[in-house]
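Asker: Here is the input, now give the coordinates:
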Amino acid sequence: MAEVVGAVFDGLTLDGKYQLIGHIRSQVFLGHDKFSGEQVAVKIEVNDANSKSRLRHEHEVYNHLRDEVAAIPSVLWYGHVGEYSVMVMELLGPPLDRLLHKCGGTFAVSTVARLAVGAIGLLEYLHCKGFVHRDVKPANLLMGLGGQVGRVHLIDFGSAKRYRNGKMHAPYGEGIPLVGTLEYASLNAHLGLEVSRRDDMESLGYALVHMAKGLPWDGLETASSVTQRRERICEKMISTSAEELCDGLPIEFVAYLDHCRRLRYEEAPKYAACKYLFRYICGDDDAPYDWTLLGQNECVRKIAAVGKPDTFEVSANVITPDTISSLNCSVHTSTFI
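Answerer: Residues are numbered from 1 along each chain as shown. Below is the predicted model:
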C-alpha cells in the first residue's frame, strides 16, 4: 500500500503547495510546504464506494476539535486526488510505542505518570466535545515537535464516535463488534458492550501498565487466530484484578484502573482526581523523559528502577485512603502501611 501510494503521489503537489517527499508509517507520509519549507504529515486512504470513508470521518471529528487544544494536531487541508482521499496535517514527533522500543521496552514510572497526566487531560477534552476515541494505545499517543516537544498528543480519530448528542447520552447496547486494538480494548469492549467514556480511560490504563512493566496478555500473539487471541485476552482480563495487573507499581495505578472498571456506562470519569494521582508520582513537570536520556547511565538507572520500594514509599506517603475513596475504588488500606 505504502509503495503504491508513494509511486502515485511522488512529486505531486496538493492544494498548490504541499508536496509528498517520503513515507513515515502505514498510510502516513511526509510532505512539506514548498513555500515555507515546513514539514507536514500526509494521511492517504483509498476510496471505497461501498463504505463511508474513514478518513473523511476522521476529518469531520478534527473539525469539531480544531483550534482549541494545542495537543491535538491541526488539519491543514483535506481533499481528493483520483481514487484517494488525502488529509494534510501538522507534523508531530515519534509515537510512544516507538520511543518505548528505543528505551528497551519499558519506561520509568515517573515518565509513565507524566504521560498519564497529559493523556487524561486529552481524553477529558475529547469527551467534553462529545466523542469517545475507541482506540487509545501507545501508537496513537505522539510527542510534539518544537515548542511542544515535551507534550503528548492524541491522534487517529478514524474510530472515534459520538457518545453524546447535546445532553443525550447514546443508549446502552450489547452485541457490539469490537473496535480498536485487542491488547488495549476495555473488558466491556471485549464482551461486546457499547463503549463510553469509561472505556477510553480503561484503555489508557492498559497502555500505561504496558509501558511501565508489560501486560499479562502481551505474550498471547501466538494464538492461531484473531478470534482465539481475543478470547484469551478477554479471559485474562476477567481473571486479573487491578491489583494483580499493577503488581510492583505504585498504588496510584491500582486506584486509577479500579476507578475506570467500576464506572457505570453513562458515568463521567473523575478526570481531576485521576490526574491528581499521577502528579504525585511524576513530581516536576520539567523532569526529563526516559528517551531524552538515551545513551546516558541515568536512563539505564531510571528504567531499571521500576519496581524498587523507595520509588513507592514516596507515593504512599502523599496519597491517602481519602484520595482513593474519592474515586470509589476498593484498594486495601493495608497498602498504605
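Asker: C-alpha from now on. contacts and neighbour counts both.
Answerer: Fine.
Asker: quick one: contacts for residue 79?
Answerer: When contacts are counted by Cα atoms under 8 Å, 6 or more residues apart in numbering, residue 79 is found next to 85, 86, 87.
Asker: The first one touches residue 48, doesn't it?
Answerer: In this case it means residue 85. No - contact between residue 85 and residue 48 fails when scored by Cα atoms under 8 Å: they sit 9.9 Å apart.
Asker: Around residue 292, how many other residues sit close by?
Answerer: When counting by other Cα atoms under 10 Å, one arrives at 12 neighbours for residue 292.
Asker: To clarify, my last question referred to residue 150.
Answerer: Taking other Cα under 10 Å as the criterion, the count of residues near residue 150 is 19.
Asker: Same check on residue 13?
Answerer: Other residues near residue 13 come to 15 when the count uses other Cα under 10 Å.
Asker: Same check on residue 30?
Answerer: Neighbour tally, residue 30, other Cα under 10 Å: 20.
Asker: Confirm that it lies within a strand, as I assumed.
Answerer: Yes - per DSSP: H, G, I helix; E, B strand; the rest coil, residue 30 lies within a strand segment.
Asker: any weak-confidence spans in the stretch 151-300 of the chain?
Answerer: Per-residue confidence of the stretch 151-300 of the chain (counting by pLDDT under 70) places the weak regions at 221-224, 284-285, 295-300.
Asker: Tell me which stretches of the stretch 1-150 of the chain form strands.
Answerer: 13-14, 18-25, 28-33, 39-46, 75-81, 84-90, 131-132, 141-143 (DSSP state E, counting those that start in this stretch).
Asker: Adding distance to residue 192 and mean pLDDT, write those out as a markdown table.
Answerer: Converted to a markdown table, the strands of the stretch 1-150 of the chain look like this (distance: least, Cα to Cα, whole Å; pLDDT from 0 to 100):
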| stretch | distance to residue 192 | mean pLDDT |
| --- | --- | --- |
| strand 13-14 | 41 | 92 |
| strand 18-25 | 30 | 93 |
| strand 28-33 | 30 | 96 |
| strand 39-46 | 28 | 96 |
| strand 75-81 | 33 | 95 |
| strand 84-90 | 31 | 95 |
| strand 131-132 | 16 | 98 |
| strand 141-143 | 25 | 97 |
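Asker: So which of these has the densest surroundings on average?
Answerer: Mean neighbours per residue, mean count of other Cα atoms under 10 Å, is largest over the strands of the stretch 1-150 of the chain for strand 131-132, with a mean of 24.
Asker: Redo the strands of the stretch 1-150 of the chain as CSV? Include distance to residue 54.
Answerer: Supplementary listing: those in CSV, determined by distance: least, Cα to Cα, whole Å:
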stretch, distance to residue 54
strand 13-14, 20
strand 18-25, 17
strand 28-33, 14
strand 39-46, 8
strand 75-81, 13
strand 84-90, 9
strand 131-132, 15
strand 141-143, 19
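Asker: Figure out which of those strands is closest to residue 268.
Answerer: Distances from residue 268 to each of these were compared using Cα to Cα; the minimum, 12.0 Å, belongs to strand 131-132.
Asker: Show me what the residue nearest to residue 28 when sequence neighbours are not counted is bridged to.
Answerer: Leaving aside its sequence neighbours, residue 28 sits nearest to residue 43 (Cα to Cα, 6 or more residues apart in numbering; 4.5 Å). Taking DSSP bridges as the rule, residue 43 bridges to residue 28, residue 87.
Asker: tally of neighbours for residue 117?
Answerer: Number of residues near residue 117 (other Cα under 10 Å) recorded here: 21.
Asker: got the contact list for the lengthiest helix in the chain?
Answerer: Among the elements of type helix in the chain, defined by DSSP state H, the one spanning the most residues is helix 109-128. Among residues not part of helix 109-128, those counted as contacts by Cα under 8 Å, 6+ apart are 65, 71, 132-133, 141, 151-154, 197, 200-201, 204, 208, 211-212, 249, 271, 274-275, 278-279, 281-283, 285, 288-290, 306.
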